[in-house]
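>>> How does the following fold in three dimensions:
(chains A and B)
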Number of protein chains: 2
Amino acid sequence: MFEVRAQALLECLRQDAVDGLLVTSMPNVRYLTGFSGTHAMLLVTGTERWLFTDFRYAEQAAAESGAVAKIVIEASSLWRGLWETLRAARGLHTIGFESAHLTHRDFERLLKDGSAWTWRPFVDVVERLRERKDPGELELIKEAARVAGAALDRTMPAVRAGMTELEVAGVLEHALRDHGSEETPFPTIVASGPRTALPHARAGSRAIARGDFLLLDFGATVGGYCSDVTRTMVVGKADGRQREVHDAVLAANEAARAHVRSGMTGKDADAIARAVLEQHGLGDAFGHGLGHGIGLEVHEGPRLSRIADVVLPEGAVVTIEPGAYVSGWGGVRIEDNVRLGAGGAELLTEFPRHLIELS
Amino acid sequence: MFEVRAQALLECLRQDAVDGLLVTSMPNVRYLTGFSGTHAMLLVTGTERWLFTDFRYAEQAAAESGAVAKIVIEASSLWRGLWETLRAARGLHTIGFESAHLTHRDFERLLKDGSAWTWRPFVDVVERLRERKDPGELELIKEAARVAGAALDRTMPAVRAGMTELEVAGVLEHALRDHGSEETPFPTIVASGPRTALPHARAGSRAIARGDFLLLDFGATVGGYCSDVTRTMVVGKADGRQREVHDAVLAANEAARAHVRSGMTGKDADAIARAVLEQHGLGDAFGHGLGHGIGLEVHEGPRLSRIADVVLPEGAVVTIEPGAYVSGWGGVRIEDNVRLGAGGAELLTEFPRHLIELS
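Predicted coordinates:
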């Protein structure tokens, strides 16, 4: 698996006539080697791979990546290991680096300590490989989606008016752990009442009142792969306006799930949901894009949005998350995860989508 | 408060003869404006501050930072807003940027779209201001430390042999939420048995056995400020070797808490704990530094380590976290949070440190 990925990467590099790539994005390092720590760099060349990390990860790096890369443990700076390795290796002249994952400070190291080599910036080279999920990756995302659904199932009966958003987040995250989530892939959003109008509200100390919208946007992580799900419910009885906006967003979600597929652009996919919300007079209330890829990161390619001209690849796993937000009143978002195929979207998140009224 | 911070920053900038600073580190943006979203840039000049963010954060940015900065909401790219603002502003010629918080890709934007201005790299300019905590910041860290202690208190009686590390993490994180933690400041470490030898193990699916070491390294976030605490206990009865290593690490922790103070270097602080562990034959088993600053980030300045030559400033809040790790057997870490003063270290984490045997 890692060998297939490395070969695909080398194919890209050959086209650009570089001798290797310095990988500094941790999700990219994990994709290419399996290493799940937080501090490493990877050098990939046509014949060899070196993983540079520090003392804390010595055992873990050997266990996770020893079969696919030479592990170099550095006491002070990973850069020292890189320069020594480059000096010892023969035939490396032009090396790519990840322009979006190298700070200006580290770029200055390339220019100074790395001046014996020619450095060429690359953008999204490993990220593009990551867009198409292989069967093993798909299984992990499916399991992460299942865990998220099971956790939501356990959480809903526990929600009561009077609880704070933070308390609801505690119940939900506890259930995620019990079902096997390795970590929270992004800060859990629990928003209630008018705070549901904030598309990126975190959980706060607000006490949930009867009649409030309650929006939960959360995920699970399994084997490093994320799910990302949102459901919006009402604590108590929904009023007419709540039902109306929820129905509109649900119709947009359904239209998108029915018609989005690989081969169309991210813009066309977005337009499917947007048209439905516009029909309901909620076009302006849908201020973000329809979705984004998920995988080792919770936000990755491809994007589904008004400005995404790129064609959606077969095998990508993306969110479908139309929303409508009315400042001061509230908002609704219904988010699922699907795998894109030429014939349509395979649904990975099975949890019900109708407007649930929590008693 | 924000005004005081901005003035301190401007004082630094004046010494370097720049007309402003482009702040791209989100913790630095929050420190200077209070904005707690995840996507923004801040431009600070002698007379004005502009906060550039996107649609999702329109309400939040106005509420959190409207009094200290002009809020500029950008539909597509924050950079567009920056160029327009710079063009409209008079007298801005040389502008600093954060070299450690700007990617190479964005640096290329400065060179291309921003070529009308001169850009000068800065490292750690806001970070250095952040090292000395003001009374409001100290109160938030104290509260985050109290929340962590209360959560640990609630968790310990719930731990049983046979539970997985993930299940223990679930109980602990649930308690953190109930006590008001806004988010997990870093992935919770729950390590058991031989996995305690991995200084950066995450919680995993391993079932805890009787007689195992159990190491919990976790934190709470309150008002954006973190705590970062570690305790190591035994599930069941501790054996002689467990007690011996724990005693040694505890002695190192106590020595450091008794003698670390502002005015000494990070290296000297580290040496206090290291000497104790060396006396116990565990010098080589202490593979990381003694500690690090905490605040808006869980790892910030100042550092307390073998290579930290910088003098520790009064008012810094740091971790004291000696550890000893024996590959294949296990490890112990005892981590507290303290405020540094000239007279010594004020302890912020009150939780007991003796070797607890969970029944």
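
>>> So what pairs up with A:V318 in the strands?
Here A:V318 sits in beta bridges with A:G293, A:V338, going by DSSP bridges.

>>> The residue of the stretch 201-350 of chain A found nearest chain B: neighbouring residues, count only.
Using C-beta to the nearest C-beta, A:G287 is the residue of the stretch 201-350 of chain A that sits closest to chain B, at 4.5 Å. C-betas here are computed from N, CA, C, even on glycine. As a burial measure, the neighbour count of A:G287 was computed by other C-beta atoms under 10 Å in any protein chain shown and equals 16.

>>> Can you report phi and psi for it?
Backbone geometry at A:G287, expressed as degrees, to the nearest 10, gives phi -90, psi -10.

>>> Name the nearest residue to it, ignoring sequence neighbours.
Residue nearest to A:G287 in three dimensions, not counting chain neighbours: B:F55, with 4.5 Å by C-beta to C-beta, 6 or more residues apart in numbering or on different chains.

>>> for chain B, what are the nearby residues on the stretch 201-350 of chain A?
By the rule C-beta under 8 Å from any C-beta of the partner chain, the part of the stretch 201-350 of chain A lying against chain B is A:A201, A:R202, A:A203, A:G204, A:S205, A:G287, A:H288, A:I307, A:S327.

>>> quick one on the thing from earlier: so what's the residue nearest to A:G287 up against?
The contact partners of B:F55, taken as C-beta atoms under 8 Å, 6 or more residues apart in numbering or on different chains, are A:P199, A:G287, A:H288, B:I73, B:A75.

>>> what's the answer for A:Y325, then?
For A:Y325, the contact set (C-beta under 8 Å, 6+ apart) comprises A:T196, A:A197, A:L198, A:P199, A:A285, A:F286, A:G287, A:G331.

>>> Equivalent analysis for A:E98, please.
Listed by C-beta under 8 Å, 6+ apart, the contact set of A:E98 reads A:L21, A:L22, A:V23, A:T24, A:S25, A:N28, A:P121, A:F122, A:V123, A:V125, A:V126.

>>> which of these count as buried?
A:L21, A:L22, A:V23, A:T24, A:S25, A:N28, A:F122, A:V125, A:V126 (16 or more other C-beta atoms under 10 Å in any protein chain shown).

>>> Pretty sure the third one sits against A:V29.
So the one you mean is A:V23. Yes. Proximity of A:V23 to A:V29 meets the contact threshold set by C-beta atoms under 8 Å, at 5.4 Å.

>>> ok now the helix or strand where A:A169 lies, how far from the chain's centre?
For A:A169, the host element (DSSP states H and E) is helix A:165-178. Distance, stretch centre to chain centre, for helix A:165-178: 20 Å (C-alpha atoms, centre = their mean, to the nearest Å).

>>> How about stretch A:272-287?
With C-alpha atoms, centre = their mean as the basis, stretch A:272-287 stands 24 Å off its chain's centre.

>>> Kindly report the same for stretch A:14-31.
20 Å.

>>> tell me how far the ends of that stretch are from each other?
Across its full length, stretch A:14-31 reaches 20 Å end to end, with C-alpha to C-alpha, to the nearest Å as the criterion.

>>> residue contacts, the residue most central in space within chain A?
Computing the C-alpha centroid of chain A and ranking residues by C-alpha atoms, centre = their mean puts A:V298 first, at 1.5 Å. Applying C-beta under 8 Å, 6+ apart to A:V298 gives the contacts A:P185, A:F186, A:G219, A:C226, A:D228.

>>> CSV for those, including neighbour count and secondary structure?
Putting these into CSV (neighbours: other C-beta atoms under 10 Å in any protein chain shown; DSSP: H, G, I helix; E, B strand; the rest coil) gives the following:
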residue, neighbour count, secondary structure
A:P185, 25, coil
A:F186, 19, coil
A:G219, 27, coil
A:C226, 28, strand
A:D228, 27, coil
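
>>> quick one on the thing from earlier: would you verify that the residue nearest to the centre of chain A is located in a strand?
No. Under DSSP: H, G, I helix; E, B strand; the rest coil, A:V298 sits outside any strand and is assigned coil.

>>> Contact partners for A:H174?
Each residue near A:H174 by C-beta under 8 Å, 6+ apart is listed here: B:G170, B:V171, B:E173, B:H174.

>>> Among those, which one sits closest to A:T155?
Comparing the contacts of A:H174 against A:T155 with C-beta to C-beta picks out B:H174 as the nearest, at 11.2 Å.

>>> Return the distance of the closest one relative to B:I272.
If you measure B:H174 against B:I272 using C-beta to C-beta, to the nearest Å, the figure is 36 Å.

>>> for the stretch 251-359 of chain A, what spans make up the strands?
Secondary structure of the stretch 251-359 of chain A (DSSP state E, counting those that start in this stretch): strands at A:291-293, A:300-304, A:317-320, A:323-326, A:330-333, A:336-341, A:344-347, A:357-358.

>>> Identify each buried residue in the third one, please.
Pointing back at strand A:317-320 there. Within strand A:317-320, the residues that qualify as buried are A:V317, A:V318, A:T319, A:I320, counting by 16+ other C-beta under 10 Å.

>>> SS state for A:D247?
Three-state assignment for A:D247 (three-state DSSP): helix.

>>> Next one: it from A:R241, what distance?
The spacing between A:D247 and A:R241, counted by C-beta to C-beta, is 11 Å.

>>> And for A:Y31?
45 Å.

>>> For the two, indicate the residue with more neighbours.
Neighbour tally, A:Y31 and A:R241, criterion other C-beta under 10 Å: the higher count belongs to A:Y31, 24 against 11.

>>> So for that one, what's the pLDDT?
For A:Y31, the model assigns a pLDDT of 98.

>>> Look up phi and psi at it.
Reported as degrees, to the nearest 10, the phi and psi values for A:Y31 are phi -60, psi -40.

>>> What helix or strand is the nearest residue to it once chain neighbours are set aside located in?
In space, not counting the residues next to it along the chain, A:Y31 is nearest to A:R130; the distance is 5.5 Å by C-beta to C-beta, 6+ apart. Of the helices and strands defined by DSSP H and E, A:R130 is found in helix A:125-131.

>>> One more: A:L22?
Secondary structure here is read from DSSP H and E; on that basis A:L22 sits in strand A:20-23.

>>> Output that strand in CSV with nothing but the alpha carbons.
Extracted in CSV, the C-alpha atoms of strand A:20-23 (Å, rounded to 0.1, in the frame of the first residue of the first chain):
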residue,chain,number,x,y,z
GLY,A,20,13.2,13.8,-4.5
LEU,A,21,10.6,15.5,-2.4
LEU,A,22,10.9,16.8,1.2
VAL,A,23,7.5,16.1,2.8
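
>>> contact partners of it?
A:9, A:13, A:29, A:32, A:41-46, A:82, A:92, A:95-98, A:101-102, A:122, A:125-126.

>>> pLDDT score for the nearest residue to A:S76 once chain neighbours are set aside?
What sits nearest to A:S76 in space, not counting adjacent residues and going by C-beta to C-beta, 6+ apart, is B:I307, at 6.5 Å. At B:I307, the model reports a pLDDT of 93.

>>> picking that back up, show me the two of the buried ones among the contacts of A:E98 that sit farthest apart.
The widest separation within those, taken as C-beta to C-beta, falls between A:T24 and A:V125 and amounts to 12.3 Å.

>>> which other helices and strands contact the helix or strand encompassing A:R146?
Assigned by DSSP H and E, A:R146 belongs to helix A:135-155. Packed against helix A:135-155, as judged by 3 or more C-beta pairs under 8 Å, 6 or more residues apart in numbering or on different chains; DSSP states H and E, are the following elements: helix A:165-178, strand A:213-218, strand A:221-222, strand A:225-226, strand A:229-235, strand A:317-320, strand A:336-341.
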